[in-house]
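J.: Need coordinates for the following:
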Amino acid sequence: MAEPSHPTVADFHRVNRGGGLFSESVSQWIGAVFALVAQRLGLRPTALTITNLLLGLATSVTVVALAGPVAAGDVPAPVVGLVALVGWQIAYALDCADGQLARVTGQGSSAGARVDVLCDVAAQIALVAALSATAVAQQPATPTWLVAAFAGTWMVNLVTSVMQSGPNAASMVTSTSLPVRLVKLVRDYGAVIFVAALVLALAPALTLWVMIAFTAVNGGFLLASIAFSARASLR
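T.: This next block holds a predicted model:
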């Protein structure tokens, strides 16, 4: 696709790779604004990728550092929740923006794609650590096995999103109807981190239950995906 001489926010959003109802309606549009600004400033997509990583790490480290003080009542939970909400959402919008910028300006490369995935892994490890630290600070009896299961199953989203690119991509549920898309919000990364930040702000003691819920959802999706792929391979 030829690069528009003067690309608009709509041009950048048009080449987004989805991510779910929330991501397409919110995160990808914010990302399109960031991509436009980056294009006007002459920045490369990897600059947005690295900024996403640094902001995501800084936000998660802040949540980890303040998990104890919040549990002790020394720091107001809404302050930490607001930091998480803004930091994680902007970081994710930058993650959306780097791909949009690369596609519209023709700056995509295999090396850039690898950096993008590696930065996503690093940022999400930090986010998992932040939620786990909050859960343990709020409820010290949190089982170690649950933290491990949460961390492992959280990466299912990232792995499956990477697998959705290329000639072997497939979807268990191909319907794009609104009810189906609403159900899929439980695996929409933008929606998930929005809910996680709200819990940190309004009811941090419920973080453990958020971990349990997403462990069940992602674990169930992993098992269903294995069954779906195995059935397809045996045909």
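
J.: Please report the confidence value the model assigns to the nearest residue in space to residue 139 that is not next to it in sequence.
T.: Nearest non-adjacent residue to residue 139, counting by CB to CB, 6 or more residues apart in numbering: residue 208, 5.2 Å away. Just so you know, the C-beta spots here come from the backbone N, C-alpha and C atoms, and that holds for glycine as well. Residue 208 is assigned 96 on the pLDDT scale.

J.: Please report how far residue 208 lies from residue 100.
T.: Residue 208 is 36 Å from residue 100, where distance means CB to CB, to the nearest Å.

J.: More neighbours: which of those two?
T.: The residue with more neighbours, out of residue 208 and residue 100, is residue 100; 28 against 22, by other CB atoms under 10 Å.

J.: which ones are touching the more buried one?
T.: By CB atoms under 8 Å, 6 or more residues apart in numbering, residue 100 lies in contact with 12-13, 15-16, 28, 31-32, 35.

J.: Would you mark the buried spots in the strand or helix carrying residue 111?
T.: According to DSSP states H and E, residue 111 maps onto helix 110-138. The neighbour-count check on helix 110-138 (16 or more other CB atoms under 10 Å) flags 112-113, 115-116, 119-120, 123-138 as buried.

J.: Rounded mean pLDDT for that helix, please.
T.: 94.

J.: Begin at 472, not 1, for the rest of this chat.
T.: Sure, I'll start numbering at 472, so the last one becomes helix 581-609.

J.: what's that helix packed up against?
T.: helix 516-543, helix 548-576, helix 615-634, helix 660-673, helix 678-704 (3 or more CB pairs under 8 Å, 6 or more residues apart in numbering; DSSP states H and E).

J.: Can you check what angle separates it from helix 548-576?
T.: 170 degrees (axes from the mean of the first three to the mean of the last three CA atoms, to 10 degrees).

J.: and stretch 603-618, how far out from the chain's middle?
T.: Centroid separation for stretch 603-618 versus its chain: 22 Å, with CA atoms, centre = their mean, to the nearest Å.

J.: Okay, now the unreliable bits of this protein?
T.: For the chain, the stretches flagged by pLDDT under 70 are 472-476, 632-647, 649, 651.

J.: let's go with 50 and repeat that
T.: Applying pLDDT under 50 to the chain flags the ranges 472.

J.: quick one on the thing from earlier: of the contacts of residue 571, which is the nearest to residue 538?
T.: residue 502 (28.9 Å; CB to CB).
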